[in-house]
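>>> just the structure for this:
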Amino acid sequence: EGKRFVSTKEEVTDQEVIDAKGMMVLPGLVDVHSHGAAGHDFSDGDVEGLKEILRYEKAHGITSYCPTSMTLPKDDLLKIFGTIEAIKDEPEAEVIAGVNMEGPFIDPIKKGAQAEENIVAPNAEFFRACNAVSGGKIRLVTLAPNMPGSLEFIKEVSDEVMVSIGHTTADYDTALAAMKAGAHHVTHLYNAMPPFAHRNPGVIGAAFDDPECRMELICDGYHIHGAVVRATFSMMGSERMVLISDSMMATGMPNGTYSLGGQAVWMKDGKATLTDGETIAGSATNLYDCMRKAVSFDIPLADAIFAATRNPAQSIGIYDEVGSIAPGKKAIELGNTNAMFRISYYLHNGKGGLQVDIPREIELLTEASKRGNHQATYRLGLLFEDNESGMAQNLELSVKYFQLAADNGILAAINKMGELYLFGEVIPANLTKAISCFTAASEQGYGKASYWLGRLHTDGIGQLEKDTQKAMNYYRKAIEQGYEEARE
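As a prediction, this is how the structure comes out:
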């Protein structure tokens with residue numbers, strides 16, 4: 001009631017009962033480290049782009065979010081942090097829990113995907129200037145404790161912000177000294193730091209020995225092996241683990257070329273790297289999916305949930321407001337259509353401990369579609385088209401769902417409408433509309449649509465002349481966009 005949890009049903013004005021059979025009610029997720037999503041980067045310094053990121057995060061169950069900066073010049077950072085204050089009165093701002101300042105106080109040797117030319121020594125006044133323009137919202141600041149002035153910086157600002165150790169070559173003694181000075185957080189454990197070795201335990205060993213320290217883990221399946229995730233939860237204690245996405249602008253987007261802090265990044269099938277093909281550049285996964293990945297690595301469900309809710313909230317000092325469902329804490333109306341969509345998948349395939357239940361699947365997809373999740377709309381089209389699991393086929397209804405999903409920008413649906421117009425078996429054939437659909441989807445990175453354009457040029461169909469060179473260009477484009485069948 002009033003965007004707060006209350007103790008009893010009698011305190012709630014809206015008495016609507018929502019059927020949550022087969023679901024779990026979780027606290028909103030807390031992502032303290034994410035650079036962007038939905039085609040936008042916080043470091044772009046663009047207010048409208050930041051709003052898009054926040055809408056994406058909320059739609060995927062992340063109700064407390066820390067936009068994260070990169071290692072950039074001071075003037076750029078001031079502009080970037082200023083966007084937080086600029087949108088404070090906008091509805092999207094309710095998701096902002098703080099800001100994460102990752103860099104520029106890092107070690108060039110472990111810069112990772114950060115720009116070396118912008119690295120500077122830790123400077124309290126630099127930090128305070130950035131914090132001021134953000135409206136005092138910076139909750140985390142990363143530094144390398146082996147850089148000159150680090151201990152002095154930690155002692156000076158640790159009462160104002162949580163200092164996090166990361167992007168560093170620090171040894172055990174240097175890292176432990178920083179923790180004793182007040183730096184009780186580690187930025188993406190294992191990544192951009194020395195390995196945990198039996199004679200040189202480094203930052204990881206120091207984190208183990210600091211009972212106050214909490215450690216971030218990027219659990220996207222690329223940054224850290226599942227066995228290491230399990231070992232870390234066991235060794236460090238699940239109550240100290242903080243799952244993060246470290247997501248960048250390619251999250252929620254098709255395969256293609258994007259940017260992170262001004263550097264080109266190639267994303268394919270969820271893995272984002274710099275153009276060298278080796279340096280991992282953030283993730284292309286949201287925190288909800290990272291939590292699910294942790295469970296798939298055999299992390300107990302309760303531990304994974306705590307690591308995505310309670311623990312990160314505690315780590316940045318906002319657990320009195322978020323991180324659990326308790327009277328008085330913030331309650332953001334979510335309508336998590338992404339969760340509905342995921343659960344519908346489990347019901348369809350009998351996974352996640354759920355039995356196959358097609359009628360319930362359709363209920364969830366229909367509700368998600370009504371709430372604006374048009375991936376669910378597209379899925380409804382497939383169900384009614386293919387007569388799956390014994391459902392009554394309804395081609396007229398399937399086309400209706402495909403068209404609605406296409407009208408709302410779902411690339412698979414745009415491509416599907418192109419196929420329907422091309423073959424003319426369900427709706428009247430219309431090559432002009434087919435080519436228009438394929439072209440629109442191809443230009444936005446949908447590989448199968450590029451493949452169809454290649455096929456049309458191969459055969460010289462409709463207004464597209466037979467052109468082997470153009471066909472090959474489209475096939476190559478399809479492969480670059482991740483559609484491997486084009487190799488055939």
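>>> what about the helices in the stretch 101-250 of the chain?
124-133, 150-157, 172-181, 202-209, 226-236 (DSSP state H, counting those that start in this stretch).
>>> tell me the angle the longest one makes with helix 202-209.
In this case it means helix 226-236. 40 degrees (axes from the mean of the first three to the mean of the last three CA atoms, to 10 degrees).
>>> with the second one instead?
Angle, helix 150-157 to helix 202-209, by the same axes, to 10 degrees: 40 degrees.
>>> for helix 150-157, packing partners?
Applying 3 or more CB pairs under 8 Å, 6 or more residues apart in numbering; DSSP states H and E, we find helix 150-157 packed against helix 124-133, strand 138-143, strand 162-165, helix 172-181. All C-beta spots, glycine's among them, are computed from the backbone N, C-alpha and C.
>>> report the backbone C-alpha coordinates of the third one in CSV.
Spelled out, it's strand 162-165. Taking Å, rounded to 0.1, in the frame of the first residue of the first chain, the C-alpha atoms of strand 162-165 are listed here in CSV:
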residue,chain,number,x,y,z
MET,A,162,31.6,1.5,-0.1
VAL,A,163,35.1,1.1,-1.6
SER,A,164,35.5,-2.0,-3.7
ILE,A,165,38.7,-3.6,-4.7
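>>> tell me which residues are up against it.
Applying CB atoms under 8 Å, 6 or more residues apart in numbering, the contact partners of strand 162-165 are 139-145, 153-154, 157, 175, 178-179, 182-187, 193, 203, 207, 216, 315-317.
>>> and it, which strands flank it?
strand 138-143 (parallel), strand 185-186 (parallel) (DSSP bridges).
>>> can you give me the strands for the protein?
Remark: strands assigned in the chain by DSSP state E are 29-34, 36-37, 40-41, 62-67, 99-105, 138-143, 162-165, 185-186, 214-218, 241-244, 256-260, 263-268, 271-274.
>>> now tabulate those in CSV and tack on distance to F126 and mean pLDDT.
Shown next, in CSV, are the strands of the chain (distance: least, CB to CB, whole Å; pLDDT from 0 to 100):
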stretch, distance to F126, mean pLDDT
strand 29-34, 20, 97
strand 36-37, 23, 94
strand 40-41, 21, 94
strand 62-67, 19, 96
strand 99-105, 8, 97
strand 138-143, 10, 98
strand 162-165, 14, 98
strand 185-186, 19, 98
strand 214-218, 23, 98
strand 241-244, 24, 98
strand 256-260, 22, 88
strand 263-268, 22, 87
strand 271-274, 26, 89
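>>> out of these, nearest to E321?
Closest approach to E321 among the strands of the chain (CB to CB): strand 62-67, 8.2 Å.
>>> so what's the gap between that closest one and the chain middle?
10 Å (CA atoms, centre = their mean, to the nearest Å).
>>> what's the span of stretch 1-14 from first residue to last?
Separation of the first and last residues of stretch 1-14 by CA to CA, to the nearest Å is 8 Å.
>>> show me the contact partners of that stretch.
For stretch 1-14, using CB under 8 Å, 6+ apart, the contacting residues are Q15, E94, I325, A326, P327, G328, K329, K330, A331, I332, E333.
>>> got the buried residues for it?
The neighbour-count check on stretch 1-14 (16 or more other CB atoms under 10 Å) flags F5 as buried.
>>> pLDDT on that stretch, on average?
Here stretch 1-14 scores 84 as its mean pLDDT.
>>> export the helices of the stretch 101-250 of the chain to TSV and append columns for distance to C66.
As requested, the helices of the stretch 101-250 of the chain are arranged in TSV below (distance: least, CB to CB, whole Å):
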stretch	distance to C66
helix 124-133	13
helix 150-157	17
helix 172-181	21
helix 202-209	20
helix 226-236	21
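>>> let's have those in TSV, adding mean neighbour count and distance to K51.
Output for the helices of the stretch 101-250 of the chain, formatted as TSV (neighbours: other CB atoms under 10 Å; distance: least, CB to CB, whole Å):
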stretch	mean neighbour count	distance to K51
helix 124-133	17	18
helix 150-157	20	29
helix 172-181	20	36
helix 202-209	22	35
helix 226-236	16	33
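>>> in TSV: those helices, plus mean pLDDT.
Converted to TSV, those look like this (pLDDT from 0 to 100):
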stretch	mean pLDDT
helix 124-133	98
helix 150-157	98
helix 172-181	98
helix 202-209	98
helix 226-236	98
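>>> quick one, which of the ones you listed is nearest to E321?
The nearest among the helices of the stretch 101-250 of the chain, by CB to CB, is helix 124-133 at 19.4 Å.
>>> run through who's touching the closest one.
Applying CB under 8 Å, 6+ apart, the set of residues contacting helix 124-133 is 74, 77-78, 81-82, 85, 101, 120, 137-138, 141, 153, 156-157, 160-161.
>>> could you rerun that using 6 Å?
L77, L78, F81, G82, I138, V141, F153, E156, V157 (CB atoms under 6 Å, 6 or more residues apart in numbering).
>>> same deal with stretch 174-182?
So stretch 174-182 is contacted by P145, N146, L151, I154, K155, S158, I165, V203, A206, D210, C213 (CB under 6 Å, 6+ apart).
>>> what does the pLDDT read for F341?
Note on F341: pLDDT of 56.
>>> related to what we said a few turns ago, quick one, which of the contacts of stretch 1-14 are buried?
The buried subset of those (16+ other CB under 10 Å) comprises E94, K329, K330, A331.
>>> quick check: of the residues you listed, which lies closest to L453?
For the buried ones among the contacts of stretch 1-14, the nearest to L453 is E94 (42.5 Å; CB to CB).
>>> give me the number of residues near K470?
For K470, the neighbour count with other CB atoms under 10 Å is 16.
>>> oops, could you answer that again for D407 instead?
13.
>>> tell me the pLDDT of it.
The model's pLDDT for D407 equals 86.
>>> lowest-confidence helix or strand of the chain?
Among the helical and strand segments of the chain, the one scoring lowest on mean pLDDT, DSSP states H and E is helix 337-349, with a mean of 54.
>>> any low-confidence regions in the stretch 301-450 of the chain?
333-358, 371-372, 387-392 (pLDDT under 70).
>>> run through the helices of it in chain order.
301-308, 310-315, 337-349, 358-370, 374-386, 395-407, 411-423, 431-443, 447-459.
>>> can these go into TSV with extra columns for distance to D89?
Shown next, in TSV, are the helices of the stretch 301-450 of the chain (distance: least, CB to CB, whole Å):
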stretch	distance to D89
helix 301-308	28
helix 310-315	24
helix 337-349	26
helix 358-370	29
helix 374-386	29
helix 395-407	32
helix 411-423	34
helix 431-443	36
helix 447-459	40
